[in-house]
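Enquirer: no sequence for this one, just the structure:
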């Protein structure tokens with residue numbers, strides 16, 4: 001047997017082994033993970049104000065409390081104040 005034939009047989013065997021391992025892995029059922037534990041968090045006061053503003057819809061665009069709540073939320077997330085707000 002020549003070295004060239006031996007390398008070809010080894011490569012073919014490796015390819016067959018890889019296909020076999022992939023097929024066996026595909027048949028294995030996915031692991032069942034436990035659902036994440038539900039944590040109940042109390043909404044912060046600013047979140048309650050934003051929820052109220054969302055509930056009143058378009059009227060929130062003229063509501064001073066909503067404008068202040070949105071500005072506070074923007075400042076909290078972005079760390080910058082909006083000019084005129």
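Expert: Noted; the coordinates are in hand. Everything numeric here is computed off the predicted structure, so don't read it as measured data. Numbering: from 1, shown residues only.

Enquirer: Which positions within the lowest-mean-pLDDT helix or strand in the chain qualify as buried?
Expert: Comparing every helix and strand of the chain by mean pLDDT, DSSP states H and E singles out helix 45-56 as the least confident one, with a mean of 84. Judged by neighbour count (16 or more other CB atoms under 10 Å), helix 45-56 contains these buried residues: 49-50, 53. From N, CA and C alone the C-beta is placed, and that goes for glycine too.

Enquirer: now these as a markdown table including distance to residue 60?
Expert: Below are the buried residues of helix 45-56 laid out as a markdown table (distance: CB to CB, whole Å):
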| residue | distance to residue 60 |
| --- | --- |
| 49 | 10 |
| 50 | 9 |
| 53 | 4 |
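
Enquirer: just curious, which of those is nearest to residue 35?
Expert: Comparing the buried residues of helix 45-56 against residue 35 with CB to CB places residue 50 closest, at 27.9 Å.

Enquirer: I'd say that closest one and residue 73 touch.
Expert: Yes - with contacts counted by CB atoms under 8 Å, residue 50 reaches residue 73, the gap being 6.0 Å.

Enquirer: Residue for residue, what is the longest helix the chain has?
Expert: If you go by DSSP state H, the chain has its longest helix at helix 3-27.

Enquirer: Contacts for it, please.
Expert: Helix 3-27 is contacted from outside by no residue at all, using CB atoms under 8 Å, 6 or more residues apart in numbering.

Enquirer: so how far is that helix from its chain's centroid?
Expert: The chain centre lies 37 Å from the centre of helix 3-27; the measure is CA atoms, centre = their mean, to the nearest Å.

Enquirer: excluding its backbone neighbours, what's nearest residue 50?
Expert: Leaving aside its sequence neighbours, residue 50 sits nearest to residue 69 (CB to CB, 6 or more residues apart in numbering; 5.3 Å).
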